[in-house]
Each structure stands twice: as structure tokens, then as C-alpha cells.
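here is my input, please return the structure:
(one chain, ligands or ions: 1)
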Amino acid sequence: MALALWKNLLQTTKKRILQQRRLSLYNGAHGYEEELIKKKLQQFSGGSVNLSKEDNGIGILTLNNPKLMNAFTGTMMIELQERVTELENWKDGKGLIVHGAGNTFCSGSDLNVVKEISNSQDGMNMCMFMQNTLTRLMRLPLISVALVQGKAFGGGAELTTACDFRLMTPGSEIRFVHKHMGLVPGWGGAARLVRIVGGGAALQLLGGAAGVGPERALGLRLADHALPNADDSAALGEARAWLTQYTDGPAAVIRALKKVVTAGRELPLEAALRTEKDIFGTVWGGPDNLQALVRRPKHR
Ligand SMILES: CCCC(=O)SCCNC(=O)CCNC(=O)[C@H](O)C(C)(C)COP(=O)(O)OP(=O)(O)OC[C@H]1O[C@@H](n2cnc3c(N)ncnc32)[C@H](O)[C@@H]1OP(=O)(O)O
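Residues are numbered from 1 along each chain as shown. Just a heads-up that it's a prediction; the model follows:
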């Protein structure tokens with residue numbers, strides 16, 4: 001009995017590690033040393049990344065370091081990875097809102113950490129660590145929204161691009177300040193930005209390093225919606241209501257929808273079509289499909 005339980009646990013853990021590897025970009029073969037960078041990041045503590053899972057299938061991920069405008073300390077980078085793992089294992093989840101505490105989104109990497117790890121080996125490992133985490137966030141089978149209040153600067157701006165949608169409140173600002181730091185985006189923000197706004201607009205945003213408010217962001221299609229309220233809890237309520245119009249429905253179907261879109265977004269056409277076929281097979285003739293056939297709804 002104990003042996004069977006142990007074997008089961010071992011198998012589940014193995015499956016989980018394999019799944020994480022599949023969804024990640026970098027491993028040892030790329031010179032990536034995860035344990036080394038985690039040990040390093042662990043030295044720079046402060047703030048937290050919190051997750052609450054609501055009964056409606058929406059997760060609320062909160063960057064919580066308001067003293068530093070929610071800048072990412074080392075331990076927050078590690079906590080973000082842990083929360084993403086939790087979300088990958090949340091089978092009832094349908095949506096995700098990423099936001100910051102204290103009415104502001106995130107001012108990027110904590111500059112104190114940046115200074116301490118400004119050597120090449122740590123920089124590359126941190127870059128691969130964050131790209132792995134944000135790629136896994138982007139690939140979650142949840143419809144995700146970045147709720148931008150206040151400022152989303154540097155890595156904070158990059159984080160918004162790992163979400164499916166960006167909602168902005170009055171007075172908020174997304175700003176790729178990297179050029180002024182003598183940097184380019186390294187958390188995957190440039191690659192994703194090009195896919196969101198196109199190459200020309202991405203060059204303007206990165207080369208200009210200027211703040212983009214809700215109106216211009218909507219024009220560039222960087223933002224998907226401008227919310228009317230800047231107040232913390234009101235904005236969260238409005239973001240939840242906006243997201244619910246897309247997450248309303250059975251979890252299996254919403255998750256399958258996100259998976260076919262991820263495949264279409266990331267894979268060459270033939271591979272995306274095959275993946276769509278496989279995912280179609282998981283819902284066709286399934287309980288939600290059969291119930292809909294019994295109801296015979298009219299779509300007027
Ligand atoms: C690949 C990743 C690359 C990166 O992310 S590099 C980091 C890019 N981000 C930045 O350079 C942002 C630097 N911060 C700023 O420009 C301004 O603080 C910001 C965000 C416009 C806010 O301005 P204000 O509203 O006037 O507030 P403030 O400057 O007084 O800030 C309040 C306290 O927060 C601190 N803070 C803000 N962003 C930080 C950061 N990224 N790292 C470390 N500390 C940061 C700031 O120093 C200030 O602290 P204190 O009150 O002076 O002790």
C-alpha cells in the first residue's frame with residue numbers, strides 16, 4: 001500500500017516536472033542553471049506574489065511590494081514561478097487577473113537586485129528564469145488579463161505582454177524604459193510586443209521609451225480596453241466583470257479555447273491544425289457538448 005502510494009507520488013512528480021519542462025524554453029542544454037540563479041535570487045528578499053482562486057474560476061495574482069512600486073525582488077521572482085506552477089495545476093481555473101498592490105502595477109526589476117547581479121552569468125540565468133516563468137504564464141489554459149493601474153515600467157511593462165489582454169485605468173502608463181537603463185527587454189517582452197502591436201510600433205515604444213497612456217495604448221492595440229475607474233477595488237471589480245464575459249461557461253470548454261488559440265499563436269499552421277484537432281477531440285461528445293445538444297439552444 002505504502003509502496004503503491006510512493007510510486008504514485010513519484011509518477012505525479014515526474015509528470016509535473018516533464019510538463020513544466022515542455023512548457024518552459026530553457027534547460028541545462030542551453031547553459032541554464034536554475035538552481036544556481038534561484039539560490040542567488042533567494043538572497044534578495046522583500047514583497048510577495050499572492051494568488052487567490054475564486055469560485056468563479058478566476059484567479060487573482062497580486063504583485064505585492066508597494067513600497068517599491070511593486071518592483072520584483074529576487075524572492076518575488078521565485079514566488080511568481082511557484083504561483084504559475086499552482087495555476088498550471090488548478091484544473092477548475094478559467095481566467096486570471098494580474099495586478100499590483102497599492103494602485104500601481106509594477107516598476108520592473110528591483111534596481112538593487114539588478115545592481116547585485118550585473119555580471120553576465122547571473123544576468124543570463126535571471127533572463128532565462130524569467131522568460132521560462134512568463135512563457136509558462138502566457139501558455140496557461142486560462143484567459144489572462146493585466147490590470148494596469150499606475151505604472152507598468154521596464155519588466156512590469158514586459159509582464160503585461162505575457163497576458164492575453166491589457167486593461168488600463170485612467171492615468172495609468174505602460175513604459176518600456178529599458179533604453180534609458182542601457183538595456184533591451186530580457187523577459188520576453190520584445191518578442192511578445194512585436195506580436196501584439198507589430199514591428200514598427202514596437203520599435204517606437206522601445207526606441208522612444210516614452211510612457212503610453214490608455215488612449216494611445218488603445219490606438220496601438222497595446223491595450224484592449226480602458227476602464228473608467230482608477231480606484232483599487234473598483235478597478236478590480238470592473239476587470240473581473242470584463243473578463244467574465246469571456247470566461248462564462250464550462251471550465252473544460254474555456255480551457256480548450258485558450259489552448260487552441262495558444263497553438264494558433266505559437267505553432268506553424270499544420271502543427272496548429274493538428275493540435276486543434278486533438279483539443280477538439282477532448283470536447284467533442286463530452287458532457288458540455290452533449291448537454292448543449294439536449295438543450296438545442298438557438299443562437300439568436
Ligand atoms: C529586464 C528587466 C529590466 C528592468 O525592469 S530594470 C528596472 C526598470 N524600472 C525602473 O527603472 C523604474 C525606476 N523607478 C522609477 O522610474 C520611479 O520610481 C517610478 C516607477 C516612475 C515611480 O515614480 P514616483 O511615483 O515618483 O515614486 P518614487 O520614485 O518615489 O518611488 C517610490 C519608491 O519606490 C522605489 N522604486 C521604484 N521603482 C523601483 C525599482 N524598480 N527598483 C527599486 N526601487 C524602486 C523608489 O526608489 C522609491 O523609493 P524611496 O522612497 O526613494 O526609498
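
go through stretch 173-181 and flag the buried ones.
For stretch 173-181, a neighbour-count test (16 or more other Cβ atoms under 10 Å) marks Glu173, Ile174, Arg175, Phe176, Val177, His178 as buried. (C-beta placed from N, C-alpha, C; glycine too.)

what about the residue nearest the centre of the chain, helix or strand, and which?
The centroid of the chain falls nearest to Leu137 when counting by Cα atoms, centre = their mean (3.8 Å). Element membership of Leu137, judged by DSSP states H and E, is helix 120-138.

elements contacting that helix?
helix 2-23, helix 34-41, helix 74-88, helix 155-161 (3 or more Cβ pairs under 8 Å, 6 or more residues apart in numbering; DSSP states H and E).

out of those, indicate the one that is most buried.
Greatest average neighbour count among the helices and strands packed on helix 120-138 goes to helix 155-161 (a mean of 28), per mean count of other Cβ atoms under 10 Å.

just checking: what are the partner strands of the helix or strand just after it?
Moving toward the C-terminus from helix 155-161, the next helix or strand (DSSP H and E) is strand 165-168. Note on strand 165-168: by DSSP bridges, its sheet partners are strand 143-148 (parallel), strand 225-226 (parallel).

specify the local secondary structure of Val98.
strand (DSSP: H, G, I helix; E, B strand; the rest coil).

surely it meets Leu61?
Yes - using Cβ atoms under 8 Å, Val98 is in contact with Leu61, at 4.7 Å.

let's have the helices and strands packed on helix 120-138 in CSV, adding distance to the ligand.
Output for these, formatted as CSV (distance: least, Cβ to the nearest ligand atom, whole Å):
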stretch, distance to the ligand
helix 2-23, 21
helix 34-41, 13
helix 74-88, 10
helix 155-161, 3
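
turn those helices into a markdown table, columns for mean pLDDT and distance to Asn132.
What follows is the helices and strands packed on helix 120-138, written out as a markdown table (pLDDT from 0 to 100; distance: least, Cβ to Cβ, whole Å):
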| stretch | mean pLDDT | distance to Asn132 |
| --- | --- | --- |
| helix 2-23 | 70 | 8 |
| helix 34-41 | 96 | 8 |
| helix 74-88 | 98 | 8 |
| helix 155-161 | 98 | 14 |
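
circling back: neighbour-wise, which of Val98 and Leu61 wins?
Between Val98 and Leu61, Val98 has the larger neighbour count (other Cβ atoms under 10 Å), namely 26 against 23.

where's the more buried one relative to the ligand, distance?
Val98 is 16 Å from the ligand, where distance means Cβ to the nearest ligand atom, to the nearest Å.

and that residue, what's its pLDDT?
On pLDDT, Val98 comes in at 98.

what's the answer for Met1, then?
Taking Met1 on its own, its pLDDT is 65.

and the residue nearest to the centre of the chain, what is it in contact with?
Shown in contact with Leu137 (Cβ atoms under 8 Å, 6 or more residues apart in numbering): Leu80, Val84, Leu87, Ser144, Ala162, Cys163.

cool, Ala101 as well?
Ala101 makes contact with Thr62, Leu63, Asn64, Asn65, Pro66, Asn70 under the criterion Cβ under 8 Å, 6+ apart.

close to the ligand: what parts of the stretch 151-300 of the chain are there?
Lys151, Phe153, Gly154, Gly155, Val177, Met181, Leu183, Gly186, Trp187 (Cβ under 6 Å from any ligand atom).

biggest separation within the residues you listed, which pair?
Greatest spacing in these, by Cβ to Cβ: Lys151 and Gly186 (19.2 Å).

burial count for the residue nearest to Phe105 when sequence neighbours are not counted?
If the residues on either side of it in the chain are set aside, Phe105 comes closest to Ala152, at 4.0 Å by Cβ to Cβ, 6 or more residues apart in numbering. By the measure other Cβ under 10 Å, the count of residues near Ala152 is 32.

looking at this, Ala152 is in a strand?
Yes - Ala152 sits within a strand when classified using three-state DSSP.

what's the separation between it and Arg295?
Remark: distance between Ala152 and Arg295 (Cβ to Cβ, to the nearest Å) = 42 Å.

could you list every residue that touches Val84?
For Val84, the contact set (Cβ under 8 Å, 6+ apart) comprises Thr133, Arg136, Leu137, Leu140.

so the residue nearest to Phe105 touches Ala162, yeah?
No - assessed by Cβ under 8 Å, Ala152 is found out of contact with Ala162, at 11.7 Å.
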